[in-house]
Every structure is written in C-alpha cells, then in structure tokens.
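Visitor: Take a look and give me a structure for this.
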Amino acid sequence: MVPLETGAIRQALCRITIATRARHVHDVSDEVDRWLAEIGAGEGLLTAFVRHTSCSLTVQENADPSVLADLLDALDRLAPAGAGYRHGSEGPDDMPAHIKTMLTGASIAIPVVGGQMDFGTWQALYLIEHRARGRPRTITLHYLGS
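Guide: Numbering: from 1, shown residues only. Below is the predicted model:
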C-alpha cells in the first residue's frame, strides 16, 4: 500500500439542484466533477447528501442502461404502490418512495483522487427519483481534502 501525500486539509461545501424526471435514474457525475474542478480538489473525500426523503443516491454501472431500468423495476417489486400503507398524504407513490430511499440511501461517501471521484471504469453517481412526478431535488456536496 502506498500512502497518498495530501498536504494541507481544506473543505468546501455547495448545493446543486437537479430537475428530475419521474421514476428515473439521473447521472449527476458531470455536475459533481465540474464542482470538484471549480474548487481545485486534489485528494480527499466527497460526501453527497440528498435533502429529500423520496429520492436517493447510488453508485452504479454507467455502461448498460438496462441495469438502471432493472434496478428501478426491482425497487418497484420491493416497495410496490398500493400495498396498503398507512402513510400516503402525497399520493400512492409517497410511502413506496420513502421505503426505496431507506433501501438505497440518502448519502454516499466517495474518495477523490486527482481532483475526480475515484470511480472504476463503469461507475457513476446517480440520483434516483422514486416519485411518479419529477421535481427539483437538492444535493449537498461536502469536500474534505487537499
């Protein structure tokens, strides 16, 4: 194992807004990479946190779109609409969206190397919209590193 020399530690914080489409997986990697370049990120850790309870973040394959479609279908099987939930004040997709967020997560930590997210060849950062209608979603980004 070779340790990375990081120099002085600094941090940066911002919020980005993504206009989502209904039941869709949105690749947000380019927006995040642009921000990392703007702040002059080097080596460190990026934390991304989505500020909503009915959408989520994930790192997933970016080569074959059928993977993302299959993941959405699998989440629908795990938390189907109309399953007799008590909570549904915002419609039949409300509680299933909360369950899907709980399963997939509202935050994620990603190493940053050379100013970019340290993804493998076929990985990207995605915002998953679980609701049946798109809306603006806000992601808070926090960078800690050199």
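Visitor: out of everything not next to it in sequence, what's closest to Asp93?
Guide: Leaving aside its sequence neighbours, Asp93 sits nearest to Ala132 (Cβ to Cβ, 6 or more residues apart in numbering; 4.3 Å). (C-beta placed from N, C-alpha, C; glycine too.)
Visitor: does Pro92 sit in a helix, a strand or a coil?
Guide: Secondary structure, DSSP: H, G, I helix; E, B strand; the rest coil: Pro92 is coil.
Visitor: wait, I meant Arg86
Guide: Under three-state DSSP, Arg86 falls in the coil class.
Visitor: count of residues packed around the residue lying closest to it once chain neighbours are set aside?
Guide: Distances taken as Cβ to Cβ, 6+ apart place Met95 nearest to Arg86, at 7.8 Å, with adjacent residues excluded. Neighbour count of Met95, defined by other Cβ atoms under 10 Å: 21.
Visitor: Find the helix or strand that Met95 is a member of.
Guide: helix 94-104 (DSSP states H and E).
Visitor: Name the next helix or strand downstream of that helix, please.
Guide: Next helix or strand after helix 94-104 toward the C-terminus (DSSP H and E): strand 107-113.
Visitor: what does the lengthiest helix in the chain rub up against?
Guide: Looking across the chain with DSSP state H, the single longest helix is helix 65-78. Contact with helix 65-78 is made by 23-25, 60-61, 96, 99-100, 103-104, 126, 128, 130, as judged by Cβ atoms under 8 Å, 6 or more residues apart in numbering.
Visitor: For the chain, give me the ranges with low pLDDT.
Guide: Along the chain, the model assigns pLDDT under 70 to residues 1-7.
Visitor: Work out which residue lies at the spatial centre of it.
Guide: Leu57 (2.4 Å; Cα atoms, centre = their mean).
Visitor: For that residue, which non-adjacent residue is spatially closest?
Guide: Here the residue nearest Leu57, using Cβ to Cβ, 6+ apart, is Ile108, at 4.8 Å.
Visitor: from what I can see the one you found touches Tyr126, true?
Guide: No - in this structure Ile108 lies outside contact range of Tyr126 using Cβ atoms under 8 Å: 9.8 Å.
Visitor: what residues do those two have in common as contacts?
Guide: With Cβ under 8 Å, 6+ apart, Ile108 and Tyr126 have common neighbours 57-59.
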